[in-house]
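> sequence and predicted structure, then a few things I'm wondering about:
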Number of protein chains: 2
Amino acid sequence: MSETRFADTAAELSNGLKSAMRRMPGAVALITTRDPATDQPAGLAASAVIPVSMEPPSMLVAINRASSAHSAIERAQRYCVNLLGTTHTAFVSLFSNSAMREQRFASDEWRYQDGIPYLPSACSSIFCEIRTTLVHGTHELFIGDVYDVRSAGGDGEPADPLGWLEGTFAQLGRLPI
Amino acid sequence: MSETRFADTAAELSNGLKSAMRRMPGAVALITTRDPATDQPAGLAASAVIPVSMEPPSMLVAINRASSAHSAIERAQRYCVNLLGTTHTAFVSLFSNSAMREQRFASDEWRYQDGIPYLPSACSSIFCEIRTTLVHGTHELFIGDVYDVRSAGGDGEPADPLGWLEGTFAQLGRLPI
């Protein structure tokens, strides 16, 4: 049994985790909602998204509490997880740049269900109603029960899922055996 | 504003979410611990793993409450997230087959820190101490503050991260621009 510490200081720990997270593959999603305070669509790009349980069907997103979409999601109590495909990289740029906030929902690709925007071309759009929330540090976890799911590909080729690795866009290929 | 429902029944909803999750890219991790009840290592393969916050540095894993490793993690109050590389697929098979439980830690690749097993060849091994837990349906969320991080590649080529898509192993490549 070895008992080695790899990170000696808080700064080393933080840098070590950031570096490890850069090398952790993930999906890319746009989390969207309609803000009841303004009756306007709102959203953000996120990769901290996971399924929680199939009974009940539920999804979790971790959202920075300082983001403008955080308040909108909190007020709406609903959100849609749009899992992006490799054709959607321009949307990620729009949603990652606060100067472009006004243009985020300008595309005529957006459709609305009960006022909540979704992208019909996304790999899937997963509609959630918040059941539980939990604040941890800078972020809040929203755990939502899924009340509707839409998947692209019903009328054509399914979208190729967009991944995220090393701070840039990635695509996934089957591992050669 | 359209108001279409895509899933009409609970079965459609559940099947829709399962199908959407198959197409959601993710990392592959071995979550490991040492069970204080038996003083034996325990673990499971998981893809529902995300960073929560960098202040404090923290990671979340969603674990099926029916799994044997769930009780071990609960008792230990600590776990290690070993993010796997493309060379580690044999470990995933070992950890996904309960008949092979006895062989999971037989490899001499495992090292131990304060008794908790980690794989030095993993892309990273992230040691967490549980701060908060939350049960939702079949699963429990463990939110742990990170107390140590080890990344491979210090003395050689960094590992190529292993992904998961469509129920099988995947590798990630940079998206052509």
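Thanks, I have it. Just so we're clear, the structure is a prediction, and the values are computed from it rather than from any experiment. Residues are numbered from 1 along each chain as shown, chains lettered A, B, ... in the order given.
> what about A:Leu94, helix or strand, and which?
Using DSSP states H and E, A:Leu94 falls within helix A:89-96.
> what's the burial count for the closest residue to A:Leu119 other than its chain neighbours?
With sequence-adjacent residues excluded and distances taken as Cβ to Cβ, 6 or more residues apart in numbering or on different chains, A:Leu119 is closest to A:Asn82, at 4.9 Å. Heads up, the C-betas are built off the backbone N, CA and C, glycines and all. A:Asn82 has 27 neighbours, counted by other Cβ atoms under 10 Å in any protein chain shown.
> repeat that for A:Thr138.
16.
> show the contacting residues for it.
Going by Cβ atoms under 8 Å, 6 or more residues apart in numbering or on different chains, A:Thr138 touches A:Asn64, A:Arg65, A:Ala66, B:Ser53, B:Met54, B:Glu55.
> which is the next helix or strand following the helix holding A:Leu94?
Counting by DSSP H and E, the next helix or strand C-terminal to helix A:89-96 is strand A:111-113.
> give me the helices and strands touching whatever helix or strand comes next after that following strand, please.
With elements assigned by DSSP H and E, the helix or strand that comes after strand A:111-113 is strand A:116-118. In terms of contacts (3 or more Cβ pairs under 8 Å, 6 or more residues apart in numbering or on different chains; DSSP states H and E), strand A:116-118 is packed against strand A:29-35, strand A:40-46, strand A:78-83, strand A:111-113, strand A:124-136.
> got TSV for the ones you listed, with distance to A:Gly163 too?
Converted to TSV, the helices and strands packed on strand A:116-118 look like this (distance: least, Cβ to Cβ, whole Å):
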stretch	distance to A:Gly163
strand A:29-35	11
strand A:40-46	13
strand A:78-83	11
strand A:111-113	25
strand A:124-136	15
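> list the single closest residue to A:His88 in space, sequence neighbours excluded.
A:Leu162 is the one closest to A:His88 (Cβ to Cβ, 6+ apart), at 6.1 Å.
> mind checking what secondary structure that neighbour has?
Classification of A:Leu162 using DSSP: H, G, I helix; E, B strand; the rest coil returns strand.
> hang on, isn't it packed against A:Val28?
Yes - assessed by Cβ atoms under 8 Å, A:Leu162 is found in contact with A:Val28 at 4.7 Å.
> any residues in contact with both of these two?
A:Leu84, A:His88, A:Val92, A:Phe169.
> residues in contact with A:Ala122?
Contacts of A:Ala122 (Cβ under 8 Å, 6+ apart): A:Leu30, A:Asn82, A:Leu83, A:Leu84, A:Gly85, A:His88, A:Ala152, A:Ala159.
> that one and A:Val81: what is the separation?
Distance of A:Ala122 to A:Val81, computed by Cβ to Cβ, to the nearest Å: 9 Å.
> A:Ala69 now?
To A:Val81, A:Ala69 is 13 Å away according to Cβ to Cβ.
> so what sits against both of these two?
A:Ile31.
> just say helix, strand or coil for A:Ser14.
Classified using three-state DSSP, A:Ser14 is helix.
> and it, how many residues sit next to it?
A:Ser14 has 17 neighbours, counted by other Cβ under 10 Å.
> what's near enough to touch it?
Taking Cβ under 8 Å, 6+ apart, one finds B:Met54, B:Pro57 in contact with A:Ser14.
> tell me the pLDDT at it?
A:Ser14 carries a pLDDT value of 94.
> kindly report the same for A:Met21.
pLDDT, A:Met21: 95.
> how about the contacts made by the residue nearest to A:Leu119?
Residues near A:Asn82 by Cβ under 8 Å, 6+ apart: A:Ala29, A:Leu30, A:Ile31, A:Thr32, A:Tyr118, A:Leu119, A:Ala122, A:Ser124, A:Ser125, A:Ile126.
> picking up where we left off before, could I get the contacts of A:Ala122 in JSON lines, plus columns for pLDDT?
Output for those, formatted as JSON lines (pLDDT from 0 to 100):
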{"residue": "A:Leu30", "pLDDT": "98"}
{"residue": "A:Asn82", "pLDDT": "98"}
{"residue": "A:Leu83", "pLDDT": "97"}
{"residue": "A:Leu84", "pLDDT": "97"}
{"residue": "A:Gly85", "pLDDT": "96"}
{"residue": "A:His88", "pLDDT": "96"}
{"residue": "A:Ala152", "pLDDT": "83"}
{"residue": "A:Ala159", "pLDDT": "74"}
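> so which of those is the closest to chain B?
Of all the contacts of A:Ala122, chain B sits closest to A:Leu83, with 5.5 Å by Cβ to the nearest Cβ.
> test my guess that the closest one contacts B:Met21.
No - using Cβ under 8 Å, A:Leu83 makes no contact with B:Met21, being 9.3 Å away.
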